[in-house]
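Novice: Have a look at this fold, sequence not included:
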Ligand SMILES: Nc1ncnc2c1ncn2[C@@H]1O[C@H](COP(=O)(O)OP(=O)(O)OP(=O)(O)O)[C@@H](O)[C@H]1O
């Protein structure tokens with residue numbers, strides 16, 4: 001048995017900065033206060049070299065504040081940020097952050113890119129080659145000689161992104177990098193960004209409100225809720241095992257509804273239905289909770305009839321989503337989202353059998 005930790009241990013940081021690396025980026029209880037408000041509250045995390053972190057959260061949750069702190073642009077009020085063991089308190093050449101590429105600049109697109117490729121690492125021929133490569137990668141070749149002020153919003157965003165990745169930094173911080181791009185270009189740039197990150201092995205933090213972007217690009221996702229870490233985990237863990245109702249509702253789609261723990265154990269009563277839920281086992285009879293399910297988890301039609309707790313549901317709405325139809329079902333007093341394969345989708349107003357697998361009906365405590 002290891003000796004008990006000393007009594008002072010409880011006030012020690014959650015992560016000890018003295019612990020030997022692998023961590024490349026370490027955030028230790030990062031707190032930020034500004035204008036009488038707490039914008040970040042004790043954010044701690046450890047990113048391995050080459051790891052991509054998706055920073056997700058609603059507008060105003062503190063994503064940009066956290067990125068600016070990591071970039072050394074706006075240091076935290078308390079807590080520490082370390083890159084390879086060095087504390088970050090000011091901008092660092094190893095850290096590249098997306099900053100708007102001088103909107104009113106008279107420089108051309110190519111010149112703005114060349115600007116960040118200075119020093120002995122970028123002798124003139126290598127610099128010119130890199131600029132040409134970036135122009136091509138970010139679909140800006142035709143705009144190479146245009147003054148930056150003339151670029152469209154999407155072009156300027158691509159230039160901002162190209163400028164951030166240009167120096168091949170150790171740590172790349174991106175803030176909504178593709179929000180102004182058309183869907184096709186966005187998909188292509190996502191792939192490009194991921195390939196580039198793998199090739200360079202840069203550690204990356206990507207703040208976005210676009211869940212698909214975070215789910216596709218990130219190794220792990222940090223969900224921020226009012227400046228606090230609501231959950232940190234792999235995309236799959238966050239999607240399948242959300243820690244709170246907020247995370248469940250924020251990532252992906254689903255139905256969140258009020259329920260009460262019922263008998264026999266592992267049953268929820270909601271909207272007049274009795275629904276089996278493994279997550280409700282062990283909870284005290286009569287406890288009010290929030291229940292959550294994803295639309296793709298509901299079983300529809302004859303397959304539902306063999307399942308415990310199946311119920312009748314009426315199709316209220318249909319939404320075409322390519323291979324699936326997203327249905328809104330009326331079941332008891334509940335409205336539930338359900339996905340049906342487009343070839344097997346029921347008609348409007350059709351009444352059909354439905355069931356929620358017991359391991360897919362999640363339970364969260366009521367908000368305080
Ligand atoms: N200097 C400041 N003083 C007071 N409040 C601030 C300051 N800077 C930012 N805020 C507030 O802090 C909160 C977090 O802002 P931040 O820009 O980090 O959010 P975000 O998650 O990046 O949002 P978005 O997705 O809309 O860009 C916001 O409510 C913002 O208004």
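Specialist: Noted; the coordinates are in hand. Just so you know, these numbers come straight off a predicted model, no measurement behind them.

Novice: and residue 51, what is it in contact with?
Specialist: Going by Cβ atoms under 8 Å, 6 or more residues apart in numbering, residue 51 touches 24, 203, 204, 219, 220. Heads up, the C-betas are built off the backbone N, CA and C, glycines and all.

Novice: List the buried residues in the helix or strand in which residue 239 is found.
Specialist: Assigned by DSSP states H and E, residue 239 falls within helix 235-240. Of all the residues in helix 235-240, those buried under the rule 16 or more other Cβ atoms under 10 Å are 235, 238, 239.

Novice: From residue 242, how far off is whatever residue of the stretch 101-250 of the chain ends up closest to the ligand?
Specialist: The nearest approach of the stretch 101-250 of the chain to the ligand comes at residue 209, 5.3 Å away (Cβ to the nearest ligand atom). Going from residue 209 to residue 242 by Cβ to Cβ, to the nearest Å gives 17 Å.

Novice: Have a look at those two and say which one is more surrounded.
Specialist: More crowded of residue 209 and residue 242, by other Cβ atoms under 10 Å: residue 242, with 24 against 16.

Novice: got any ranges where this protein has weak pLDDT?
Specialist: 1-23, 100-104 (pLDDT under 70).

Novice: please redo it, this time with the cut-off set to 80
Specialist: For the chain, the stretches with pLDDT under 80 are 1-23, 98-105, 119, 367-368.

Novice: so where do the helices sit in it?
Specialist: 63-70, 109-115, 124-137, 153-165, 183-200, 211-217, 235-240, 245-250, 302-305 (DSSP state H).

Novice: Name the residues that touch the longest one?
Specialist: It refers to helix 183-200. Residues outside helix 183-200 that contact it (Cβ under 8 Å, 6+ apart) are 50, 52, 137-139, 154, 158, 161, 165, 168, 172, 177-178, 181, 204, 213, 216-217.

Novice: again, 6 Å this time
Specialist: Residues outside helix 183-200 that contact it (Cβ atoms under 6 Å, 6 or more residues apart in numbering): 137, 168, 178, 204, 216, 217.

Novice: so which pair among those is furthest apart in space?
Specialist: Greatest spacing in the contacts of helix 183-200, by Cβ to Cβ: 168 and 216 (22.1 Å).

Novice: excluding its backbone neighbours, what's nearest residue 24?
Specialist: Using Cβ to Cβ, 6 or more residues apart in numbering and skipping residues adjacent in sequence, the residue nearest residue 24 is residue 49, 4.1 Å away.

Novice: right, and the one you found touches residue 26 too?
Specialist: No - if you go by Cβ atoms under 6 Å, residue 49 and residue 26 don't touch, sitting 11.6 Å apart.

Novice: Those two: who's more crowded?
Specialist: residue 26 (24 against 15).

Novice: List the contacts of that one.
Specialist: Residue 26 sits next to 46, 82 when contact means Cβ under 6 Å, 6+ apart.

Novice: Please report the distance of it from residue 51.
Specialist: Distance of residue 26 to residue 51, computed by Cβ to Cβ: 12 Å.

Novice: Same question for residue 65.
Specialist: Separation of residue 65 from residue 51 (Cβ to Cβ): 21 Å.

Novice: Residue 301 too?
Specialist: Taking Cβ to Cβ as the measure, residue 301 falls 43 Å from residue 51.

Novice: got it, and residue 90?
Specialist: Distance, residue 90 to residue 51, using Cβ to Cβ: 24 Å.

Novice: swap in residue 110?
Specialist: From residue 110 over to residue 51 the distance is 32 Å, taken as Cβ to Cβ.

Novice: same deal with residue 334?
Specialist: For residue 334, the distance to residue 51 - Cβ to Cβ - is 40 Å.

Novice: Please pick the buried ones from the contacts of helix 183-200.
Specialist: Going by neighbour count (16+ other Cβ under 10 Å), the contacts of helix 183-200 have 137, 168, 178, 204, 217 buried.

Novice: and residue 293, what are its bridge partners?
Specialist: Beta-bridge partners for residue 293, by DSSP bridges, are residue 255.

Novice: and it, what does it touch?
Specialist: Residue 293 makes contacts with 254, 255, 356, 360, 361, as judged by Cβ under 6 Å, 6+ apart.
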